[in-house]
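Visitor: sequence-free structure coming up:
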Ligand code: FES
């Protein structure tokens, strides 16, 4: 059973960008996009680079290491060498907090 967890205040997000959040042992990337908040595991599933150090534009995060790219809305890879969907989490905003279903 998964539950909603507070991860960061909306006011603390990098506006229009990606913000790194630590939840226990997991690093999570929280994306502030024109259509809302999305989140994924922060480490790239190709070579383990930190996506929070990548280039973010609209709904696309580009990995800083090999420039693989993912759509943050559903995690699908959109540019090689990204090999498969990245792990994404449901996100919502409640009382000024970003919450993820972890
Ligand atoms: S580590 Fe991200 S594309 Fe290679």
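Guide: Looks like it arrived, so ask away. Predicted, not measured: the structure shown is a model, and the values here were computed from it. Residues are numbered from 1 along each chain as shown.
Visitor: pull the number of nearby residues for residue 3.
Guide: Neighbour count for residue 3, taken as other Cβ atoms under 10 Å: 8. (C-beta placed from N, C-alpha, C; glycine too.)
Visitor: roughly how far apart are it and the ligand?
Guide: From residue 3 over to the ligand the distance is 30 Å, taken as Cβ to the nearest ligand atom, to the nearest Å.
Visitor: give me phi/psi at that residue?
Guide: phi -140, psi 160 (degrees, to the nearest 10).
Visitor: for it, which residues are in contact?
Guide: 101-102 (Cβ atoms under 8 Å, 6 or more residues apart in numbering).
Visitor: same check, this time on the one 5 residues further on
Guide: If you count contacts by Cβ under 8 Å, 6+ apart, residue 8 has them with 19, 21, 30, 97-98.
Visitor: in JSON lines, list the residues you listed along with pLDDT, secondary structure and neighbour count.
Guide: What follows is those, written out as JSON lines (pLDDT from 0 to 100; DSSP: H, G, I helix; E, B strand; the rest coil; neighbours: other Cβ atoms under 10 Å):
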{"residue": "19", "pLDDT": "98", "secondary structure": "strand", "neighbour count": "21"}
{"residue": "21", "pLDDT": "97", "secondary structure": "strand", "neighbour count": "18"}
{"residue": "30", "pLDDT": "98", "secondary structure": "strand", "neighbour count": "26"}
{"residue": "97", "pLDDT": "98", "secondary structure": "strand", "neighbour count": "16"}
{"residue": "98", "pLDDT": "98", "secondary structure": "strand", "neighbour count": "23"}
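Visitor: farthest pair within the residues you listed?
Guide: Between any two of the contacts of residue 8, the greatest separation by Cβ to Cβ is 13.2 Å, found for 19 and 97.
Visitor: wait, doesn't residue 28 sit right on residue 19?
Guide: No - checked against Cβ atoms under 8 Å, the pair residue 28 and residue 19 is beyond contact range at 9.1 Å.
Visitor: specify the local secondary structure of the nearest residue to residue 53 once chain neighbours are set aside.
Guide: Closest residue to residue 53 apart from its sequence neighbours, by Cβ to Cβ, 6 or more residues apart in numbering: residue 64 at 4.6 Å. Three-state assignment for residue 64 (DSSP: H, G, I helix; E, B strand; the rest coil): coil.
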